[in-house]
Every structure is written in C-alpha cells, then in structure tokens.
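[1] Generate coordinates for the sequence data below:
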Amino acid sequence: MSNSEHVKFSLKVVTNKQRTKVFYAEVDSGFADILLSFLSLPLGTIVRILGKHYGDESPVFGSLTTLSNLNSELFCTESCKQMLLYPRKSLRNERCKLKLNVDDTPLTKAFNEDVKFSLKVVTNKQRTKVLYAEIDSDFADILLSFLSLPLGTIVRIFCKHYGDDSPVIGSLTNLYNSLSNLDSDLFCTESCKQMLLNPRKSLRNERCKLKLNVDDTPLTKYLMCPDKNCITRNFGLYYDTSECDCGESALSCDMGIVEIVKLTASVDEGNGGVYTKSTASFIISDDLQIFPSETRYSIHILKDLGITDIDVTELMDATFGLNQVMDLLKGSLLSKTPLTDIILNKGLMSPITVECDKCILPVDEVVEQKMRIKAIMQESTNRLLFVEADGNFVDILFSLLTIPLGAVELFLRGSTGLKNIDNLYRSLGNITDGKYLNTKDIEFMLLKPLLPIGYVCKDNILPLFEETWSHNLSDYSFKSPKGPGNYVKGQKMYMVTDDLTATPLCMASSISIFKQLKVPLSDVKELELDIGLKEALSILKASLTSTSALTDGFMIKPTSMKKPKQEHA
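    Residues are numbered from 1 along each chain as shown. Modelled structure (predicted):
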C-alpha cells in the first residue's frame with residue numbers, strides 16, 4: 001500500500017444487543033476521506049488491488065479480469081495495455097493526501113524519467129567538438145521551455161537534482177537560500193514566502209504538455225469560497241490559506257483553470273506539438289542557436305566555425321534522457337560549449353567568463369522615482385561589503401526569482417551575459433514563420449512571458465507584468481497570497497551582502513562580516529546609493545553570472561589592494 005500499513009482508526013460503533021448487526025458508526029474526517037476516495041477509484045484499479053491484497057481469495061467481478069490475459073500485440077502499443085491495466089485517477093484526485101491510501105498506483109510525475117531522445121550529432125574528426133545536432137520537435141520544445149523557467153525555479157530544481165553538487169548560479173543561489181532561511185514572520189503572509197520559493201510559470205506556459213518536463217512545480221490551482229451565496233466573491237491561489245472576507249470559511253472550492261486568464265490560443269491545439277509543430281525538425285549549434293533543419297543552415301554553422309571541407313566531420317548518435325537534459329539546462333547557463341561538454345566530455349563544463357563591470361545596459365532615459373540605500377564599501381578594493389536597506393529593496397531582489405529567463409532576455413535586450421540563452425532567445429527569429437511554431441502567439445509567450453496573477457509587488461520598479469484576468473471574473477475579488485501589495489513587512493531593515501545574501505539587520509552581523517573578510521574598520525567607507533530601473537536591471541544582469549552582484553551591478557570598478565607606503569629612515 002502507498003500509505004503506512006500501521007495507520008489505525010478508532011470507530012465508535014452502535015450494534016444490536018446480539019452484536020449481529022451494525023446500525024451505524026461514528027468516524028472522523030480522516031476515515032470519511034478514505035470512504036469518499038472509493039468513488040475516485042477506476043474499476044480496473046479495484047480489480048488489481050483486490051487481487052494483489054487477497055491473492056487466490058480475491059473476489060471476481062463479472063468479466064473485469066480478462067484484459068491481462070490478452071496478448072500485447074493486439075493493442076496499438078504496449079503502453080496502451082499498461083495504461084489500461086494500471087488506470088489512473090484524475091490529477092486532482094491523485095494529489096489528495098489520505099491518511100491511508102488503498103491505491104498503490106505510482107503518482108503521475110511532472111516529467112517521465114524514462115523518456116529518451118535520439119540526436120544525430122555532427123562532430124569534428126577528432127571528436128573533441130560538437131559542430132551541430134539534429135533534433136525533433138519534442139526536443140526543441142524542451143529547449144524553448146527553458147525560456148519559460150523562473151530564475152528561482154532553476155535554482156530549486158538544480159538543488160533537488162544535483163544535491164550537494166548543485167551548481168552555483170551567480171548570486172541567485174545565495175539569494176534563494178537566504179530567502180529560504182528567513183523567518184516566515186518577516187513576510188506579509190506565509191503564502192508569500194512559499195510563492196517566492198516555488199515561483200510559477202504563467203498559466204499559459206504551465207499548461208504546456210512537454211514530453212519531458214524538468215519543472216516539477218505542481219499545477220496552479222485557484223480556489224474560491226465554497227458558499228454559493230457569498231457576496232464577497234473572493235478567490236485565491238491554491239496555497240493561500242486565508243479565510244474568505246465573508247468570514248464563513250477558507251477558500252477551498254476549485255475554480256478550474258480554463259477561464260481564469262485570457263488565452264488567445266491553446267499551446268497544443270491541432271498540430272500535435274507544444275511550442276513547435278510535431279512535423280518540424282531542427283538543428284542546434286554547440287552554443288544553442290536553433291535553426292530549421294535545412295542544408296543552408298548547416299553550411300552556415302560550419303562556415304562560422306571555419307570549416308569548409310566536409311571530410312573533417314564525423315557523424316555519431318547521442319541519447320538524451322532526464323540527466324542529460326538537466327545537464328543541458330546547467331550547461332546553457334554555465335558553459336561555453338554545452339553540447340560538447342555533455343556528449344563528448346561527459347559533463348565536464350567549460351566555464352563562461354563574464355566581465356560584469358564593463359557592461360553598460362541599454363536602458364532608455366526615463367523620469368523615475370529612485371530609492372536610496374546605505375552602502376558599506378572597502379576603500380582599498382572599491383568592493384561593496386553590504387548594504388543596509390528597508391523591505392522595498394529586498395522586495396526588488398526577491399522579485400528577481402520570479403522572472404522567467406525569457407523576460408530576463410527581454411529586459412536586458414538579449415544581452416544577459418549568458419551567451420547560450422542569448423542565442424536561444426535570439427534564434428527564435430529563425431523559426432517564426434508559419435512552418436515551425438505551433439500557433440501564432442507562441443513567439444509572444446516565449447519572448448515576452450508574463451508573470452502569474454498576484455506575483456508583482458505594488459512598488460516594484462522593474463517592468464514586470466502579469467497575465468490578465470478573464471472577463472468572466474469581473475465580479476470576483478482576487479486575494480493575493482502576498483497580501484496587500486509587498487513581499488516582506490516594511491518596518492524591518494535588512495543587510496544584503498555583495499552576493500545577495502539577505503538577513504535582518506543587526507550590528508553583530510556587520511561586525512561578523514568585517515571579521516570574516518578580515519577588513520579593518522580603517523578601510524571601511526560609508527556611502528549612499530540610489531536605486532532606479534537602470535540599477536535594478538544592472539543588478540539582475542550581474543546576479544546571473546557574478547558572486548559580487550552589488551559591486552558589479554552598481555558598476556563600481558574594483559581596484560587591487562593598495563599597499564601602504566614604506567617610510568624610509
């Protein structure tokens with residue numbers, strides 16, 4: 001059984017005097033849930049679990065036991081027979097957490113670990129360099145889905161997949177970990193912290209049915225007041241445990257997702273694919289440029305690499321499963337040659353070097369309101385040690401974790417310092433005619449992704465935009481999981497170190513940093529810095545690749561340690 005066999009329930013039972021007839025029994029909600037769950041069991045599951053539990057003494061239900069005896073060749077696929085022998089509940093019923101579950105069918109996974117992709121790979125003669133690879137639409141969909149992943153989700157799934165060997169993504173890993181370590185009382189709501197730790201894609205991207213999905217975030221569920229006569233008509237996200245404003249009960253009635261947001265088109269309508277048409281095929285370069293599978297593009301890639309003689313190339317096969325796709329996501333952020341590293345170098349990465357302090361962002365001049373923070377700098381190196389700021393600045397930093405890679409590319413105009421992701425984003429222009437993308441609005445979904453409803457802070461200076469409610473919800477009132485407008489409570493001051501580790505401000509922490517970095521107080525300088533849109537985007541860019549996101553984000557040019565002058569007698 002999928003739950004512990006040691007779980008026991010106590011029932012108060014009323015019988016006749018002879019104890020030959022039970023009149024009724026009193027049960028708690030845990031036992032009632034199990035009874036009601038019987039209604040969700042497929043008939044095939046009932047036959048299977050009774051046969052497994054009772055063996056030869058299993059009851060017989062008419063003609064329901066003959067399917068397993070049929071030859072697999074009679075079915076369209078072997079998987080078809082297995083699907084019928086192991087029928088599943090709906091995903092909503094499957095996710096119910098019963099105290100004791102008689103159904104031992106494995107939970108449906110966010111991705112299928114058994115899915116494999118076959119790639120035709122062209123290398124140099126020495127097999128030290130991947131020149132390009134041929135991929136089908138399913139694999140192209142997975143590549144393009146990287147653009148829909150929020151930055152915080154990438155950090156989280158890396159930590160889950162790689163464990164102690166999880167890669168460090170600039171300063172984002174420290175930012176995410178410091179968020180995780182903050183006391184929930186510092187946030188406007190407990191749901192707000194969970195929302196930031198598990199950021200979601202837009203509802204349109206979330207509904208994409210990828211053949212292999214690295215994002216295991218549960219599907220969004222919107223809940224409304226169960227009272228049909230409720231006059232407040234509140235609704236909220238699935239993890240928002242607040243009560244409805246009517247005061248009668250918590251938001252607990254599932255609204256479904258079809259009519260929550262305005263959808264211009266389905267992401268998987270008609271053509272069998274997700275982002276790309278199922279009949280399309282593509283080639284990708286070692287640095288993740290994607291092109292239609294046409295001879296002219298393969299020639300273009302080879303010429304760019306300085307190859308004019310086809311005899312210096314070799315053809316080989318490569319298989320990608322979950323581990324290789326995760327390595328590809330990691331390599332797209334950390335390597336100069338991700339395909340070569342995975343296929344030929346067995347995962348050894350060729351690291352990217354980015355000089356953040358020389359990056360000038362193309363932000364238009366706009367009239368904007370800026371916030372001011374106090375910064376502590378080491379004079380001899382021009383390095384920011386930490387800043388002292390209120391919750392508004394911390395809200396800006398935490399909002400970085402909610403931004404999808406595609407939106408990062410949009411904000412930074414295709415120049416993020418992540419060369420492979422820049423290439424993937426820009427090369428969408430190679431496949432935007434009607435032959436390759438599944439629907440007309442796919443390009444918009446990937447190049448200009450929106451955040452889910454309820455994510456954007458009231459005072460956020462970043463150009464973040466949410467999905468739009470469906471007109472069907474005009475009479476409803478949304479209760480955001482973050483509360484009235486911000487992530488953290490405003491009255492608290494925070495210390496944020498150069499690598500974006502955020503902690504509540506206390507004097508002991510600042511002294512500890514001076515000691516840890518061995519910085520004498522005589523080498524410390526205090527200054528004030530203004531934060532506007534340009535500075536926020538600059539910190540975003542630096543956070544992707546640098547562990548000195550504040551120093552690099554504020555374009556403070558580091559200097560080498562000054563040696564004190566020696567006095568001569």
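[2] isn't residue 305 right up against residue 131?
    Yes: contact criterion C-beta atoms under 8 Å: residue 305 and residue 131 qualify, at 6.3 Å. Just so you know, the C-beta spots here come from the backbone N, C-alpha and C atoms, and that holds for glycine as well.
[3] neighbour count winner among these two?
    Counted by other C-beta atoms under 10 Å, residue 305 and residue 131 do not tie: residue 131 has more neighbours, with 22 against 14.
[4] Confirm the more buried one sits in a strand?
    Yes: counting by DSSP: H, G, I helix; E, B strand; the rest coil, residue 131 is located in a strand.
[5] Give me the distance between it and residue 290.
    15 Å (C-beta to C-beta, to the nearest Å).
[6] Residue 127 too?
    Taken as C-beta to C-beta, the span from residue 127 to residue 290 is 23 Å.
[7] Compare neighbour counts for those two and give me the winner.
    More crowded of residue 127 and residue 290, by other C-beta under 10 Å: residue 290, with 22 against 13.
[8] Name the helix or strand of this protein that has the lowest mean pLDDT.
    helix 91-94 (a mean of 54; mean pLDDT, DSSP states H and E).
[9] Quick one: the helices in the stretch 51-200 of the chain, in order.
    78-85, 91-94, 137-145, 151-162, 172-181, 190-197 (DSSP state H, counting those that start in this stretch).
[10] quick one: secondary structure of the closest residue to residue 135 other than its chain neighbours?
    Of all residues not flanking residue 135 in the chain, residue 282 sits nearest, at 5.3 Å (C-beta to C-beta, 6 or more residues apart in numbering). Following three-state DSSP, residue 282 is assigned to strand.
[11] Contact partners for residue 282?
    Contact analysis of residue 282 by C-beta atoms under 8 Å, 6 or more residues apart in numbering lists 134-137, 140, 276, 290-293, 431, 436.
[12] Go again with 10 Å.
    132-137, 139-140, 143, 276, 290-294, 297, 427, 430-431, 436 (C-beta atoms under 10 Å, 6 or more residues apart in numbering).
[13] now do residue 288
    143, 146, 328, 331-332, 337-339, 418-425, 427.
[14] redo that, cut-off 6 Å
    332, 420, 423-424 (C-beta atoms under 6 Å, 6 or more residues apart in numbering).
[15] what do you get for residue 379?
    Applying C-beta under 6 Å, 6+ apart, the residues near residue 379 are 523, 525.
[16] That one and residue 520, how far apart?
    10 Å.
[17] Also residue 400?
    For residue 400 relative to residue 520 (C-beta to C-beta), the value is 33 Å.
[18] Any idea what the residue nearest to residue 135 is bridged to?
    residue 135, residue 292 (DSSP bridges).
[19] Settle it for me: which of residue 400 and residue 520 has more neighbours?
    residue 400 (23 against 9).
[20] Distance check, the more buried one against residue 87.
    43 Å.
[21] Kindly report the same for residue 132.
    Relative to residue 87, residue 132 is positioned 43 Å away (C-beta to C-beta).
[22] Looking at those two, which is more packed in?
    Taking other C-beta under 10 Å, residue 132 and residue 87 do not tie; residue 132 has more neighbours (25 against 15).
[23] wait, the more buried one sits on residue 289?
    No: using C-beta atoms under 6 Å, residue 132 is not in contact with residue 289; the gap is 8.7 Å.
[24] And stretch 297-306, what's buried?
    By neighbour count with 16 or more other C-beta atoms under 10 Å, stretch 297-306 contains the buried residues 297-298, 300-302.
[25] Among these, which are located in helices?
    297-298, 300-302 (DSSP state H).
[26] Which member of those is positioned nearest residue 170?
    Nearest to residue 170 among those, counting by C-beta to C-beta, is residue 301 at 28.9 Å.
[27] Could you measure from that closest one over to residue 324?
    For residue 301, the distance to residue 324 - C-beta to C-beta - is 21 Å.
[28] Repeat that for residue 21.
    As judged by C-beta to C-beta, residue 21 and residue 324 stand 63 Å apart.
[29] out of the two, which sits in the busier spot?
    Neighbours were counted for residue 21 and for residue 324 using other C-beta under 10 Å; residue 324 has more, 18 against 9.
[30] Could you report the pLDDT at the closest residue in space to that one that isn't next to it in sequence?
    Distances taken as C-beta to C-beta, 6+ apart put residue 342 closest to residue 324, at 5.7 Å, once the chain neighbours are dropped. Residue 342 is assigned 96 on the pLDDT scale.
[31] so where does residue 342 fall, helix or strand?
    helix 338-343 (DSSP states H and E).
[32] partner strands of the very next helix or strand once past that helix, parallel or antiparallel?
    The first helix or strand that comes after helix 338-343 along the chain, using DSSP H and E, is strand 371-378. Sheet pairing of strand 371-378 (DSSP bridges) gives strand 383-390 (antiparallel), strand 524-531 (antiparallel).
[33] okay, among the buried residues of stretch 297-306, which ones form the most distant pair?
    Once C-beta to C-beta is applied, those give 297 and 302 as the farthest pair, at 9.8 Å.
[34] Sort out which one of the buried residues of stretch 297-306 lies nearest residue 374 for me.
    So of the buried residues of stretch 297-306, ranked by how close each gets to residue 374 (C-beta to C-beta), first place is residue 301, at 50.6 Å.
[35] how close does the closest one get to residue 290?
    11 Å.
[36] Any stretches of the stretch 351-500 of the chain with poor pLDDT?
    Along the stretch 351-500 of the chain, segments meeting pLDDT under 70 span 351-369, 469-484.
[37] now the helices for it?
    Applying DSSP H, counting those that start in this stretch to the stretch 351-500 of the chain gives helices spanning 391-400, 405-411, 419-426, 442-447.
[38] looking at the ones you listed, which is closest to residue 505?
    Nearest to residue 505, of those and by C-beta to C-beta, is helix 391-400 at 10.5 Å.
[39] The closest one vs strand 524-531, what angle?
    Counting by axes from the mean of the first three to the mean of the last three C-alpha atoms, to 10 degrees, helix 391-400 points 70 degrees away from the direction of strand 524-531.
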